[in-house]
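>>> No letters, just coordinates:
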DNA sequence: ATCAAAACATGATAAAAATCATGTTTTGAA
DNA sequence: TTCAAAACATGATTTTTATCATGTTTTGAT
């Protein structure tokens, strides 16, 4: 840990900027000290698929160091971020030395994998409407609420669509519908959950 | 490794039998010595989604030990299997002691996660037709070919559908179409790839 | 403050895929 | 070996969702 402290290089990433890019050579991992980050892959037709939403305290870019040498996704700052870079070699050496850290890393990976497999199941089996509802709940779980009870992350409708795995228009329509039905309240990019139970029901969770 | 050898408990699992079941308490991991195994999750409407195809040499059930205490999927033998059970504690202790094994484990997990994220992207963005073609190629990659050049695994059309993430009828129709177009040759459950390039093109890979 | 670009919205249409219906073939257990 | 269940097949229909088209609103840089 001291080693990491000594060697880390922190920097500020402005909103919209890229931390690393899909397929580029992986020189190390990044620890997010502050800010929110989306990790996305490019699909065939140039459409973005968001595969992970990271927040302060999360590490991004580790997959590339463990299973290959290139980043498999692009990491983009959703707001001004403070990230610290840990070079490849340092990270790998520490991981080899520190059994506890390794174990922690395995837990994180297992967790991510489990979530990914659930996402695969839902993507294959649940209609878009349910997935949009589920995504709103996911964003609340991940980023919490702000002082005004809004889900504490601002995404464009297109980004929400790319997280859900649907067309932008479809996402817009369903959000408007939830808004009209007083399940959520929209004001610009801000989302307030008015009726969480109804939202859970709409997402068709737990059965 | 010697410890594992001493403590492992091997057994024969008949085709169709379950090795472990989703949501049941995870008592350990299983190493597949021989045979093929599908790992699947139950969707909301009781529909199966296959999330992983395992083969001889693979370990299954490790996610549950690392991130929770219950299996997140059901493991079913696709043919008579020989598996060896490694109890939870043994596995965890060895993992804590053996840095090399931990590292190997992390690599495996990273690899799986990368594949899962790719699958998410394809599920969200590629039409069923392309995904069926891709799945045939995936099965060939995973299990290879038998003496007669057939993809070396026998699945029902329903299982193929549950791997692709589509309705059984749709999978049947597309397989028949590929058969008619001489891209593949079907004889019962056996699949022979006649024109791999065309199949890759149909899967719309690499662009 | 202005203005163009991006984001948002919504109706109409088309395409994709699921579902429903029905019949045939294969399979495995008694 | 028989026979019912499971698997396979295919046509018709409906549902879902994407795409296309077009207009409005918001946003951020100058």
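Yep, it's here. All figures in this text were calculated on a predicted structure; none of them were measured in a lab.
>>> Quick check: what element follows the helix or strand of chain A with the lowest mean pLDDT along the chain?
One helix or strand of chain A scores below all others by mean pLDDT, DSSP states H and E: helix A:2-7, with a mean of 64. For helix A:2-7, the following helix or strand on the C-terminal side (DSSP states H and E) is strand A:9-13.
>>> Now that following strand: buried residues?
Going by neighbour count (16 or more other CB atoms under 10 Å in any protein chain shown), the buried part of strand A:9-13 is residue A:13. To be clear about C-beta, it is placed using only N, CA and C from the backbone, and glycine gets the same treatment.
>>> which phi and psi does the residue lying closest to residue A:148 once chain neighbours are set aside have?
Excluding its sequence neighbours, the residue lying closest to residue A:148 (CB to CB, 6 or more residues apart in numbering or on different chains) is residue A:192, at 7.4 Å. As for residue A:192, its main-chain torsions (degrees, to the nearest 10) stand at phi -110, psi 130.
>>> what's the answer for residue A:36, then?
For residue A:36, the backbone dihedrals (degrees, to the nearest 10) come out as phi -120, psi 140.
>>> ok, now how distant is the residue positioned nearest the centre of chain A from chain B?
Nearest residue to the geometric centre of chain A (CA atoms, centre = their mean): residue A:53, 0.7 Å. Distance of residue A:53 to chain B, given as CB to the nearest CB, to the nearest Å: 13 Å.
>>> State the next helix or strand along the chain beyond whichever helix or strand that residue is part of.
Using DSSP H and E, residue A:53 falls within strand A:48-54. Using DSSP H and E, the next helix or strand after strand A:48-54 towards the C-terminus is strand A:59-60.
>>> In three-state terms, label the nearest residue to residue A:74 once chain neighbours are set aside for me.
Residue nearest to residue A:74 in three dimensions, not counting chain neighbours: residue A:22, with 4.5 Å by CB to CB, 6+ apart. With DSSP: H, G, I helix; E, B strand; the rest coil as the basis, residue A:22 sits in coil.
>>> list the buried ones in stretch A:40-54?
Using 16+ other CB under 10 Å as the test for burial, stretch A:40-54 gives A:40, A:41, A:42, A:43, A:47, A:48, A:49, A:50, A:51, A:52, A:53, A:54.
>>> With stretch A:111-126 instead?
A:112-126.
>>> Next up, the contacts around the nearest residue to residue A:145 once chain neighbours are set aside.
Nearest residue to residue A:145, sequence neighbours excluded (CB to CB, 6+ apart): residue A:152, at 5.7 Å. Shown in contact with residue A:152 (CB atoms under 8 Å, 6 or more residues apart in numbering or on different chains): A:143, A:144, A:145, A:146.
>>> Which residue, neighbours along the chain excluded, lies closest to the last one?
If the residues on either side of it in the chain are set aside, residue A:146 comes closest to residue A:152, at 4.6 Å by CB to CB, 6+ apart.
>>> quick one: that neighbour and residue A:45, what's the gap?
32 Å (CB to CB, to the nearest Å).
>>> go on, residue A:186?
Residue A:186 is 28 Å from residue A:45, by CB to CB.
>>> what ranges do the strands span in chain A?
Using DSSP state E, the strands found in chain A span residues A:9-13, A:18-20, A:28-34, A:37-42, A:48-54, A:59-60, A:74-77, A:81-87, A:184-187, A:190-193.
>>> How about the shortest one and chain B, touching?
By that I understand strand A:59-60. No - counting by CB under 8 Å from any CB of the partner chain, chain B is not contacted by strand A:59-60; separation bottoms out at 12.6 Å.
>>> Packing partners of that strand?
Helices and strands touching strand A:59-60, by 3 or more CB pairs under 8 Å, 6 or more residues apart in numbering or on different chains; DSSP states H and E, are strand A:28-34.
>>> Now find how far off-centre the strand it packs on is within its chain.
Taking CA atoms, centre = their mean, to the nearest Å, one finds strand A:28-34 lying 14 Å from the centre of the chain it belongs to.
>>> Could you do stretch A:62-81 as well?
In terms of CA atoms, centre = their mean, the centre of stretch A:62-81 is found 11 Å from the chain centre.
>>> ends of it, how far apart?
End-to-end distance of stretch A:62-81: 18 Å, with CA to CA, to the nearest Å as the criterion.
>>> How about stretch A:23-43?
End to end - CA to CA - stretch A:23-43 spans 13 Å.
>>> average pLDDT across it?
Stretch A:23-43 carries an average pLDDT of 95.
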